[in-house]
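Novice: Predicted coordinates and the sequence they were generated for:
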There are 2 protein chains.
Amino acid sequence: MTSSDVECMECWNDGPPKEAIVDFVERVTREGGPDYVPPAERIAAFDNDGTLWCEFPMQVQVFFALAEVKRLAAQDPSLLQKPAFKAMVDGDLKALASLPKKEVFEPAFATHAGMTVEEFHENAQRWLAQAKHPTLKQPFTQGAYLPQCELLTYLRVNGFKTYIVTGGGVEFVRVVAEELYGIPPEQVIGSSTKMKLDTVDGKTVLRKLPELASFDDRDEKVVNIALHIGRRPIFAFGNSDGDLAMIRYTLGGDGPRMAWYLHHDDAEREFAYDRDFKLSPLREGLDRAAEYGIGMVSMKNDWREVFAR
Amino acid sequence: MTSSDVECMECWNDGPPKEAIVDFVERVTREGGPDYVPPAERIAAFDNDGTLWCEFPMQVQVFFALAEVKRLAAQDPSLLQKPAFKAMVDGDLKALASLPKKEVFEPAFATHAGMTVEEFHENAQRWLAQAKHPTLKQPFTQGAYLPQCELLTYLRVNGFKTYIVTGGGVEFVRVVAEELYGIPPEQVIGSSTKMKLDTVDGKTVLRKLPELASFDDRDEKVVNIALHIGRRPIFAFGNSDGDLAMIRYTLGGDGPRMAWYLHHDDAEREFAYDRDFKLSPLREGLDRAAEYGIGMVSMKNDWREVFAR
C-alpha cells in the first residue's frame, strides 16, 4: 500500500473524515508501528440500509415485500390483521412508516415462507432487475453509494475483511452484496428466518419458514457478530441507532479503533433525515456521537459523488 | 498446484481415498476443464469431534464440562436434577455415555452462563493447556489427527475455504481451531448459547446465557451452513450420523462433489467404534454410505500416522 493508492477514494472530498480514515488505515497496517494490527484482526463491519445504499423513504426490502404481499394477502386474508400487511396492501406508506422497523420487516420474511433458499434468490433477483426507486427513478441497485464502495475496496486492499451486518434479510442482501460491494455471501450477516430441510427429487433443499430466527438490529447485531465472526471488529460504519450497539462494541476493544455514522443531510442528491425517520431513526447516536467517539460523515460535504452515473 | 505438492499428504497411505481426493481436487481446480469450480465456491465443511480430533470415550468439551460442573453443582444443587449433571458429578461415565448427545452437551453450555466470551475463552484455554486424555495420556489438543490437518492444508493450497461445522460449542472450538487446524474463528460454525450485552467499565461485553440458541447437529448443521456461509459446500467430511444431513446437502448440489466418513476402526492407535457409540453413533451413514455416494476412510488402513508425535 502506498499513499498513491488513496486516490481510489476519489469520490470522497478532502476533509477530516477522509484524512482520519487514511491515517487510521496507515497506522494499523504499518508493520512494527505502535498501532499495527495483524490482517486477521482487521475486521470492518458495515450496516447496509442507509449506510451502503439508499433506505429512504423505505428500505429496499420493504419495497420488495410490498410487491409480493398483495398476491399473498389475496391467498390468505388473515394476513391483513397485521398492521404492516394491511398498510402495504392499502398502499398506505405513511401508516407503514409509522410502525417499528421489526413489524415493517415482518412481511418481508413472512411472504417467502415455504420457498427454498434458491427460489427466494431467483425471486429477489428478478424483482431487483426491473424495480425502480419511486422518486430517484433509478434501479434500487443504483442506490449503492459510490464513496462507500470505494471505501470497502480501500479497506480490502489494506488487508481488511469487510462484513455487512444488516437488519435486512441475510438472503436478500446476499443477492446484491457480491456484485454491488464485492462482499461474498459468507461475509453477510443479517436477519434470518427459521428454515427446515426438505427433499426434492432425492436432494436436500432448505425451505424458509414464516418464523423469524434473528432480527439483526441493535444488540442482536453484536450477538451475531460474535456468533459469525468471533472477533471484535476494529472498524464500523452505520447510520442509525440500530447500529449503535455494534459501533460501541467495535470501539470498546483494545488498540486502535474507528467508527462512523453517515449523516443523511443531502436533500439535493439523496435525502435529508435523521431523528424523525421512524423506520430507522438516528437520535442517541446523533446526540452523543462525540461522547462515544463516533465520527460523523456528512453526505453533503464529504462526498464528491453519491451514486454511480 | 503441481502433482508434487500432493506429497504434503504424506500421512495418508496410497490407496483409493487419497487417490480420489487428489483426483477431485485436480478436476475442480483445472481451469477450462469440465469440472472446474471457481475458488469462491470451493467450500469444504468438516465436522470436528471424531473427524478432526479424538472424541472417544467422550467429546473433549464434555471432559471440560466435567471439570467445571462439580464446582458449579456445589453452588447450585438444583443442577443435579438433570441426569447429565448428576452423572458428571458422580463420575458415572457409563450413565453419561448412555444419554443423548444434546443432554450431555447441556452442562457444557450451562456451566459457562454469565461469563463473558473473553472469560470463557481464557477458561477453556487454561484447561486445555493442562488436561490430558484419560487413556491416550496426551494433551487433548494432541488428539488432532495429523492426516486431517494435512488434508485441510492441501485443500486450502488449492483455493478451498475450509470450515468446521461442529456440534461442539462455537467458542470452545474457536479456542483451538486456528492453532490446530489453521481455521480462523469466522470459519468455525458450532452450537451456541444465547448471549446478552452488558457494560463493564463503560465498555460493551457479551455474556453467555444458560439457554441454548442452536444445537449444531444433524439438520441444524445444514441450516447453520446456509446461515453462515450462504453456499452449498462441495466437499464434506464427517464421522457420525450427526453429519449425514450436512453430507447429503453437500452431495445434493450440481457439479462435482465429494464427501467422506472417517471410520474409527483402529483400536491399536486410537479406538474402534461406530454404531454402538451412543454419544455420536454412525449407523445409517455406515449402512447406506455406498447408496448415498459417501466414501469411507479407514483410519487403520488409510492413515500412515494418526497423531503428531
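Specialist: Received the coordinates, thanks.

Novice: residue contacts, the closest residue to A:Arg275 other than its chain neighbours?
Specialist: The shortest distance from A:Arg275 to any residue other than its chain neighbours is 4.6 Å, reached at A:Arg283 (Cβ to Cβ, 6 or more residues apart in numbering or on different chains). Placement of C-beta: from N, CA and C, glycine included. Shown here is A:Arg283, whose contacts under the criterion Cβ atoms under 8 Å, 6 or more residues apart in numbering or on different chains are A:Asp241, A:Asp274, A:Arg275.

Novice: What parts of the stretch 101-250 of chain A come near chain B?
Specialist: Proximity of the stretch 101-250 of chain A to chain B, by Cβ under 8 Å from any Cβ of the partner chain, involves residues A:117, A:161, A:170-171, A:174, A:184-186, A:188, A:192, A:194-197, A:202-206, A:213, A:219, A:222-223, A:226-231, A:245, A:248-249.

Novice: can you list the domains in chain A?
Specialist: Domain assignment of chain A by automatic domain parsing yields the ranges A:3-57+A:142-302, A:60-130.

Novice: May I see these organised as JSON lines, with mean pLDDT added?
Specialist: Listed next are those as JSON lines, based on pLDDT from 0 to 100:
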{"stretch": "domain A:3-57+A:142-302", "mean pLDDT": "96"}
{"stretch": "domain A:60-130", "mean pLDDT": "87"}
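
Novice: Just the helices from the stretch 51-200 of chain A, written as ranges.
Specialist: Remark: helices assigned in the stretch 51-200 of chain A by DSSP state H, counting those that start in this stretch are A:60-75, A:83-90, A:93-97, A:101-110, A:117-130, A:146-157, A:170-181.

Novice: Using CSV, lay out the ones you listed together with distance to A:Arg257.
Specialist: As requested, the helices of the stretch 51-200 of chain A are arranged in CSV below (distance: least, Cβ to Cβ, whole Å):
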stretch, distance to A:Arg257
helix A:60-75, 30
helix A:83-90, 37
helix A:93-97, 34
helix A:101-110, 27
helix A:117-130, 34
helix A:146-157, 14
helix A:170-181, 22
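
Novice: I'd like those laid out as TSV, including mean neighbour count.
Specialist: Output for the helices of the stretch 51-200 of chain A, formatted as TSV (neighbours: other Cβ atoms under 10 Å in any protein chain shown):
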stretch	mean neighbour count
helix A:60-75	19
helix A:83-90	20
helix A:93-97	16
helix A:101-110	22
helix A:117-130	15
helix A:146-157	19
helix A:170-181	23
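
Novice: Which one of these lies nearest to B:Phe237?
Specialist: Among the helices of the stretch 51-200 of chain A, the nearest to B:Phe237 by Cβ to Cβ is helix A:117-130 (23.1 Å).

Novice: circling back: out of the domains of chain A, deepest packed?
Specialist: domain A:3-57+A:142-302 (a mean of 19; mean count of other Cβ atoms under 10 Å in any protein chain shown).

Novice: mind listing what A:Asp47 touches?
Specialist: Under the contact definition (Cβ under 8 Å, 6+ apart), the residues listed for A:Asp47 are A:Ile164, A:Val165, A:Thr166, A:Gly167, A:Phe237, A:Gly238, A:Asn239, A:Ser240, A:Gly242, A:Asp243, A:Met246.
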